[in-house]
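Colleague: mind looking at a prediction? Sequence and model below.
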Amino acid sequence: SVEDAGDGKIALKGGRDGKYCPADRIKVACHSNHPGEWETFSVIKIEVPPPPVPPVTPTPTPAPTFPTLYPGAVFALASWTTGKYCADESQKVVCNRNVITSSEKFLVEDAGYGKIA
């Protein structure tokens, strides 16, 4: 899941045990109990389609302080501690890149039940 880490950053939480995912130069592995500097990422929006029209609700909900991601958006992640971009290397995600190429771009997909993947 994506959580607000403040200051426009996000924290990723997942894996088998629902732990936070720190970024290092070897791989992103979800094993931390609390989000610290190593578990925070900056989201760089690359291509963003128009947002879906939200349903009308009787009471407004507060807007998240982290970037909103929805199906169809393409984004890149950068490790907050190293400033390096994260790349998909098929079996793992590593944060050791200096530039954004196709390997550093991620597509948001609809995972159903109000969740994204």
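Modeller: Cool, the structure landed.
Colleague: what residues of stretch 104-113 count as buried?
Modeller: Within stretch 104-113, the residues scored as buried using 16 or more other CB atoms under 10 Å are 104-106, 108. To be clear about C-beta, it is placed using only N, CA and C from the backbone, and glycine gets the same treatment.
Colleague: next one: stretch 13-23
Modeller: 13, 19-23.
Colleague: follow-up on the earlier one: what is the nearest of the buried residues of stretch 104-113 to residue 73?
Modeller: Using CB to CB, residue 108 comes nearest to residue 73 of the buried residues of stretch 104-113, at 4.5 Å.
Colleague: so for that closest one, what pLDDT did the model give?
Modeller: Residue 108 is assigned a predicted lDDT (pLDDT) of 81.
Colleague: that one against residue 71, yeah?
Modeller: Yes: under the criterion of CB atoms under 8 Å, residue 108 makes contact with residue 71 at 5.5 Å.
Colleague: tell me the bridge partners for residue 12.
Modeller: Counting by DSSP bridges, residue 12 forms beta bridges with residue 2.
Colleague: how far away is it from residue 2?
Modeller: Look at residue 12 and residue 2: by CB to CB, to the nearest Å, they are 6 Å apart.
Colleague: give the contact list for residue 31.
Modeller: Neighbour list for residue 31: 15, 17, 19, 21-22 [criterion: CB atoms under 8 Å, 6 or more residues apart in numbering].
Colleague: er, residue 16 I mean
Modeller: Counting by CB under 8 Å, 6+ apart, residue 16 makes contact with residue 30.
Colleague: does it count as helix, strand or coil?
Modeller: What DSSP: H, G, I helix; E, B strand; the rest coil gives for residue 16 is coil.
Colleague: pLDDT wise, what is it at?
Modeller: 70.
Colleague: got the phi/psi numbers for the residue nearest to residue 44 when sequence neighbours are not counted?
Modeller: Of all residues not flanking residue 44 in the chain, residue 76 sits nearest, at 4.4 Å (CB to CB, 6 or more residues apart in numbering). In terms of degrees, to the nearest 10, the main-chain angles of residue 76 are phi -120, psi 150.
Colleague: and the longest strand along the chain, what's buried?
Modeller: Using DSSP state E, we find that the single longest strand of the chain is strand 40-47. For strand 40-47, a neighbour-count test (16+ other CB under 10 Å) marks 40-43 as buried.
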